[in-house]
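>>> no FASTA, just this:
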């Protein structure tokens, strides 16, 4: 954690770089009260714009569900106390993630559901609660029918573009190392699904990100 403090002190010299503070659900066994206080301190760095990536991961099962849920809620509380939006990780835990978000965080600081993989119905509920959905390379996969419907039907003002680098590179680079250089492929797919121009997708999602991270 001390190394992290040193890292974030360096960031301000790069005007285009920003950071988030959070412990991934696969690493919550590293958390304790002292580290929570250190995370509070990190949130006060000028270039920190969100709390994340936090949430639940029932795929890897590195920690019991109850442990993950406890520290997930604590980090949601951190975001509210520091008035920062959240970046949410959810893998094989869609309903539990949604239930906790609705109970513990809805109507507070907002957030994005990173690499959204839930149903269209749940996406609509997240939108009603004011959240954005993160959409990346998966939307270009032929078998991603549900995500394609999500990208086509939810308001564009609730979509953020992302890479999840080095994972989930879009077609035709699937299986290779991902890169932000591939984001135009995601833009093209969303534009085609919505029957709008790539320029509109680019502009609206850019504006969404600036607003979401408080950079306007």
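On my side now, so go ahead. As the structure is a prediction and not an experimental result, all values here were calculated from the model. Numbering: from 1, shown residues only.
>>> quick one, longest helix in the chain?
Assignment by DSSP state H gives helix 65-82 as the longest helix of the chain.
>>> contacts for it, please.
22-23, 25, 28-29, 31, 36, 39-40, 43-44, 50-51, 54-58, 85-86, 93, 96, 100-101, 104-105, 108-109, 111 (Cβ atoms under 8 Å, 6 or more residues apart in numbering). Heads up, the C-betas are built off the backbone N, CA and C, glycines and all.
>>> now tell me which helix or strand of the chain has the poorest mean pLDDT.
helix 2-10 (a mean of 50; mean pLDDT, DSSP states H and E).
>>> which residue is nearest the centroid of the protein?
Centroid-nearest residue in the chain: residue 114, 3.1 Å away (criterion: Cα atoms, centre = their mean).
>>> can you list the low-confidence ranges for the protein?
1-13 (pLDDT under 70).
>>> helices along this protein, start to end?
Going by DSSP H, the chain shows helices at 2-10, 33-42, 65-82, 94-104, 120-128, 145-153, 183-194, 198-212.
>>> dump the ones you listed into a markdown table; add distance to residue 174 and mean neighbour count as well.
Listed next are those as a markdown table, based on distance: least, Cβ to Cβ, whole Å; neighbours: other Cβ atoms under 10 Å:
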| stretch | distance to residue 174 | mean neighbour count |
| --- | --- | --- |
| helix 2-10 | 31 | 11 |
| helix 33-42 | 35 | 14 |
| helix 65-82 | 29 | 18 |
| helix 94-104 | 23 | 17 |
| helix 120-128 | 23 | 16 |
| helix 145-153 | 14 | 18 |
| helix 183-194 | 10 | 18 |
| helix 198-212 | 20 | 16 |
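>>> need these in a markdown table (columns: distance to residue 165).
Formatted as a markdown table, the helices of the chain follow (distance: least, Cβ to Cβ, whole Å):
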| stretch | distance to residue 165 |
| --- | --- |
| helix 2-10 | 18 |
| helix 33-42 | 22 |
| helix 65-82 | 23 |
| helix 94-104 | 22 |
| helix 120-128 | 23 |
| helix 145-153 | 18 |
| helix 183-194 | 10 |
| helix 198-212 | 16 |
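>>> for residue 166, which of those helices is the nearest?
helix 183-194 (14.3 Å; Cβ to Cβ).
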